[in-house]
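> I'll drop the sequence and a predicted model, then ask my questions.
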Amino acid sequence: MMGSPAAVLIALALLTQSSIGIHLNSRDIDAPVQESYDYIVVGCGISGLVVTNRLSEDPGVTVLCIEAGIADHYEPVIQYPVYVGADIGGDYDWRLSTVPQTQLDGKPRPLPQGKVLGGGSILNAMCWNRGGADDYDAWEALGNPGWGWDGMLPYFIKVSETYTPVYSEDVAQEYSIHYNPAVHGTSGPVQVSYPKYFYPQSVNLFEGLNALGIPTQFDPNDGTSAGPALVPTDLDPNNQTRSDARRAYFDPIVHRQNFHVITGQHVTRILVEGVGASVEVTNPTDGGNEDGEGNVDGNPDGFGFGPGADAPPETPPAGGQTSNRFNRRQDPSHVTLGVSGVEFAPNASAPRRTVYATREVIVAAGSLHSAQLLQLSGIGPSSLLTEHNIPIALDLPGVGNNLQDHCLVGTFYPYNNNSYPSPTALTTNATFNAAAGVQYTTDKIGPWTAGSPNALAFNPLPLITNASGLILVNATFQDPTAYLRAGLDPTLVAGFSLQKRSLVERLGRNNVAAYEIINNNAGSLTVAVMHPFSRGAVYINSADPFEPPQIDPRWLSNPVDRQILVEAIRFNRQILATPSMRLLQAAQFVPPPDADEDAINQVINDGIRTEFHPSGTCAMLPLEQGGVVDPHLRVWGTTNLRVVDAGIFPMAADIIKADNVNVRPSARPTSSPAAASASTVQLANTSTVTSTSNVISTSSTSTQPNHSSAVSLSLNSVPESTLPEAPTYPLTTASLASSTASKTGESPASSASPIGSSGSSRSTLSAILSTLDVTGVLQSKSEAVATTTPPPTLSLLSPPELTSSVSAALTSGGVPASVASSLVSVIVGSHPASTSIAPSASASAILSQQAEQAAIDAFIQWLLSFFPRRHSRTS
């Protein structure tokens, strides 16, 4: 849990305004509301409470925060670190689930979210990690001035934390905890510290990673974000209890006279001036969903490697449609709508009530519910609103699209060296657990303080696999529409194109994490994608505000994410084989040590779950890139409506991981919903894209409409004639050999490893490339790919000259520098100390080297055919 930078920045911006407001008496939670307030905040989770706290520092303004959940009662299951994850699926959870994930195994997954005063900070795993400076700088580069690392760090220091260093210098040395005082706060609301117990297996893991060339990050909150780290937790150092948003931002100011919180109230819509409401949204309903929650129950497995989800519920037939009673379709780039307040009710059958905002409405309902609320209020993709008979205030295609989530896959390698204390003893050894409980309740020390999985690793792709260049090549070559939902608005495609370019460039670096290892010190090295390429959506299911939204994260719909997970699981084997990790005597059960790629993919398909970090559904981007809010977090096309939660993050990043790390409830069966009425339409499920003139079809088809003002397009801003048709296979030596074999009749079976993987040699690559008819592998829709090979020469370059020459040829042809760097080793391979040709060399040796040089030149030309600048540059 962390103070949201979005919340902090918007609160500070708003506080600069002059203010005159109603003076309230101090009041308890749920006291009667006034008719109006200066500011209404929807959602009293992390961001909502930060904003409410900061705004109400000015006694001249009045602030109301409306929360759908209730307040917790300081229960041990919330307060004690040992119980982290045990409250998932309980009273403080929305108990949501995704639609069936047809690109995986066709089953839905639970998607827990906090429904409680304090939001996700009540449920999360308490890890405190700001993320990398690189991620913030990438946000700023997408058109958001002030959101870079240098702009955000002062707020992190000043208004978020009181940092307490680890209690022992010996412990700090042993576990590599060396903090930088210059980047930590000493007077913020959230207590950030370390538990009074550490499992020694963490040291083994860090030593193993160091042995494999991955350095430790000594202070994971100083902007570095690559490598293993012992991250601090939001933990009170004095009593070793959770320091959450309620305790940090609400309890200390509860008696402010201008500050009011009501709980158990569900905001049903935002009142947009001049725009009517749908009857279904604004009127009470009988039957159906009463409280807006999903139907996922319980979390018996806690951190365990649980079973997969059960069969998906049946999809009810779509109801009938009626025309909009009032349709005010607006272009957000040329209109400034005002909002006047919100409508709310405790449940679906209760009458709706209204409260007015004299200044602003600030939405902080979380990335899933904020998008739902905007759509219910007439702000979103026009086709979706029309389908559900909701009057259109603003046609804003980005609302609900661009959904990203860190997805994780659990592994199971139980440690058998009983000389190491194990967290599993807390559930399997009653004597050990009882003693630990006494230690905690009496002295606030021992294993009960160490519930959070805080020994983590954020590994860069180039440091774990020789196939990193290949993976980035695959990502670079993708047509931006190839793995998105079919028919998306051109602005959304344009936005993803820029995001993809940024991701490819940054993932080629040695200081940017591609994935995370979540270590539970008992044998689970769970892996999670940190910078996903896959994009999903969250849409309303009906005009009923108490019907949970349809959530489709589309995990691994982009194959780059899957390639990263496969390499991450393979790298786990290398970690377990290091001397320090061998001491733990791990048994490799899931996946087994002999699992091939198909078996690993089966583990991935069955085991994919959320890491509880959905974001991006109200992205902070320019309108022409599918944005929903501007850099001041104001919704495009409005004057006084803002969004301040994780939905505004334009790209998923390590920053989000602090919400719920490794809390992995097992899936529960979901009951089949009742058949929809004429006004409640259940959209059909989708997770794939269909083929257009320039888009690849995936293995299954899409049946769900895409609500984004769909326009047929090939690729935004790039002339179709310059685009090669996207390849329908991953670029591996097997696929290259297959292309050759299809012309020669030879079998490619012996060339199945990725280019650049260990064991592949320059000579093997050259043998394939020298016989490859490149023009037959890939060709443009309107022109053949240039494959002219320069005539062979007897004067070959030396190894350094050859490397430099290849790198220069790639970058001058338009290849990003980080991709070019990765590709050099793929193209050139491992060469001897000297490649000069001896005077006495045989004619066959000379011809062999000439062929190798020609093959390399041909491969470069083929690669350059994928880059837009290839027509104006030569290699």
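Looks like it arrived, so ask away. Numbers count the residues shown, from 1 in each chain.
> going forward, measure contacts between C-alpha atoms and count neighbours the same way
Noted.
> Looking at stretch 76-93 now, give me its mean pLDDT.
For stretch 76-93, mean pLDDT rounds to 95.
> List the buried residues in that stretch.
Neighbour counts using 16 or more other Cα atoms under 10 Å place 78-93 of stretch 76-93 among the buried residues.
> Check the residues you listed against F218 and report the nearest one.
Checking the buried residues of stretch 76-93 against F218 by Cα to Cα gives P81 as the nearest, at 23.2 Å.
> didn't the closest one look like it was pressed against A450?
Yes. The criterion here is Cα atoms under 8 Å, and P81 meets it with A450 at 6.3 Å.
> tell me which residues of stretch 236-248 are tucked away?
236-237, 240-248.
> Switch those over to a markdown table; also include pLDDT.
Below are those laid out as a markdown table (pLDDT from 0 to 100):
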| residue | pLDDT |
| --- | --- |
| D236 | 98 |
| P237 | 97 |
| Q240 | 98 |
| T241 | 98 |
| R242 | 97 |
| S243 | 97 |
| D244 | 97 |
| A245 | 97 |
| R246 | 97 |
| R247 | 97 |
| A248 | 97 |
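> of all those residues, which two lie farthest apart?
Largest pairwise distance in the buried residues of stretch 236-248, by Cα to Cα, is 17.2 Å, between P237 and R246.
> what about T336, how many neighbours?
A count of nearby residues for T336, using other Cα atoms under 10 Å, gives 15.
> give me every residue that touches it.
637-639 (Cα atoms under 8 Å, 6 or more residues apart in numbering).
> which of the residues you listed lies closest to S370?
T638 (15.7 Å).
> and D30, how many neighbours does it have?
Residues within reach of D30, counting by other Cα under 10 Å, total 14.
> hang on, the earlier thing: narrow the buried residues of stretch 76-93 to those in helices?
78-79 (DSSP state H).
> Which single one of the buried residues of stretch 76-93 is nearest to S542?
Nearest member of the buried residues of stretch 76-93 to S542, counting by Cα to Cα, is D93, at 21.6 Å.
> Which strand residues bridge that closest one?
G114 (DSSP bridges).
> tell me the secondary structure for S370?
helix (DSSP: H, G, I helix; E, B strand; the rest coil).
> Now for G626: which residues touch it?
397-398, 491-495, 619.
> what bits of the stretch 751-875 of the chain have low per-residue confidence?
751-803, 805, 811-814, 816, 818-875 (pLDDT under 70).
> picking up where we left off before, check the contacts of T336 for burial and list the buried ones.
637-638.
> one step back: among the contacts of G626, which lie within helices?
491-495.
> Identify the residue nearest L205 in space, chain neighbours excluded?
Here the nearest residue to L205 in space, its sequence neighbours aside, is M581; by Cα to Cα, 6 or more residues apart in numbering that works out to 6.4 Å.
> Contacts for stretch 258-268, please.
With Cα under 8 Å, 6+ apart, stretch 258-268 has contacts from 22-31, 42, 44, 52, 56, 59-71, 117, 281-282, 342-347, 373, 376, 545-546.
> What subset of those is buried?
24, 27, 42, 44, 52, 56, 59, 61-71, 117, 281-282, 342-347, 373, 376, 545-546.
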